[in-house]
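Q: next input, structure requested:
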Amino acid sequence: AKQNREFFQNNWINSNFLVDIAKAYHKVGIYDEAQKLYLYLIEIMSADQRESYYLPMIQATYDYGNFSLVEDYAAQYNYNYPEGQFTEDILLIRLKALTADERLAEAKQLLPMPLPESGAFHPLAATLFFRTGEYEAAARTLKEYREAGNSLDQKHIFFLAESLFQTGRLDEAAEIFSEVDPLEQSFHQSLYRLADINRQLGKEQIALTFLEKIVETEENSLWKQY
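A: This is a model prediction of the structure:
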């Protein structure tokens with residue numbers, strides 16, 4: 001390892017070539033090989049040059065689906081660089097890995113509070129709040145994110161609408177449910193919620209039109225039964 005380190009320190013073209021290969025592997029979806037190359041670079045480079053390889057290595061590890069190894073690498077980075085320049089980015093990947101691994105309580109404990117103003121953590125935080133039944137927090141987080149000028153993807157549009165519904169803000173919920181795309185899996189659930197909201201508001205005829213639309217378009221018999 002010492003000989004390899006000395007060799008690559010004196011041959012920047014070769015080390016840069018390895019970085020290019022790692023990036024190429026990642027780009028085409030060969031995440032495991034990308035992770036291994038970045039790990040090798042960390043092993044052979046000098047201490048002041050290693051930090052920059054942790055973030056792409058951890059990202060490749062996450063993309064490969066090895067969530068427990070993400071934890072190991074993130075802990076290693078935090079130990080070696082307690083005030084590292086990639087601390088926030090690596091924490092975000094770590095939280096995504098914990099969420100994907102269904103370790104929701106652990107992920108919530110690691111959430112930075114207040115959330116960074118960059119907004120990078122808001123969608124993930126809202127997902128954690130939504131999935132653990134904290135609908136008020138989920139709605140507040142997504143509204144803050146949206147009001148800051150950011151766009152919500154379809155999943156989080158539904159999360160926002162459902163969170164507003166669960167907290168009794170029916171008019172707001174109806175407005176957001178109407179934004180769910182017909183091609184989304186949650187579309188027919190949104191139609192059902194719109195029917196329910198209009199029934200609660202005494203608008204029976206409008207509610208009926210949403211129920212009829214479910215019957216006309218939904219192949220899933222469960223929604224038709226509802």
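Q: pLDDT-wise, which helix or strand of this structure ranks last?
A: For the chain, scoring each helix and strand by mean pLDDT, DSSP states H and E identifies helix 2-9 as the least confident one, at a mean of 48.
Q: next helix or strand past that helix?
A: Scanning the chain past helix 2-9 towards its C-terminal end, the next helix or strand to appear is helix 12-27 (assignment: DSSP states H and E).
Q: give the rounded mean pLDDT of the longest helix along the chain.
A: Among all segments of the chain classified by DSSP state H, the helix with the greatest residue count is helix 47-64. Confidence over helix 47-64 (mean pLDDT, whole number) is 94.
Q: which helices and strands sit right next to it?
A: Where contact means 3 or more CB pairs under 8 Å, 6 or more residues apart in numbering; DSSP states H and E, helix 47-64 is packed against helix 12-27, helix 31-44, helix 67-80, helix 87-100. In this view, the C-beta of every residue, glycine as well, is placed from N, C-alpha and C.
Q: format these as TSV; extra columns: mean pLDDT and mean neighbour count.
A: Written out in TSV, the entries for those read as follows (pLDDT from 0 to 100; neighbours: other CB atoms under 10 Å):
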stretch	mean pLDDT	mean neighbour count
helix 12-27	82	14
helix 31-44	93	20
helix 67-80	96	17
helix 87-100	97	19
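Q: OK, contacts around the most centrally placed residue in the chain?
A: In the chain, the C-alpha closest to the average C-alpha coordinate belongs to residue 124, at a distance of 4.8 Å (CA atoms, centre = their mean). Taking CB atoms under 8 Å, 6 or more residues apart in numbering as the definition of contact, the neighbours of residue 124 are 92, 95, 96, 99.
Q: looking at these, which is nearest residue 190?
A: Among the contacts of residue 124, residue 99 lies closest to residue 190 (CB to CB), at 23.2 Å.
Q: flag every buried residue along stretch 53-69.
A: Within stretch 53-69, the residues that qualify as buried by neighbour count (16 or more other CB atoms under 10 Å) are 53-64, 66-67, 69.
Q: how close does the residue nearest to the centre of the chain get to residue 37?
A: As for residue 124, its distance to residue 37 is 28 Å (criterion: CB to CB, to the nearest Å).
Q: tell me the pLDDT of the residue lying closest to residue 187 once chain neighbours are set aside.
A: With CB to CB, 6 or more residues apart in numbering as the measure, residue 180 is the residue that lies nearest to residue 187, at 5.3 Å, once sequence neighbours are left out. Reported pLDDT at residue 180 in the predicted model: 97.
Q: would you agree residue 180 is in contact with residue 192?
A: No - taking contacts as CB atoms under 8 Å, residue 180 lies outside contact range of residue 192: 11.3 Å.
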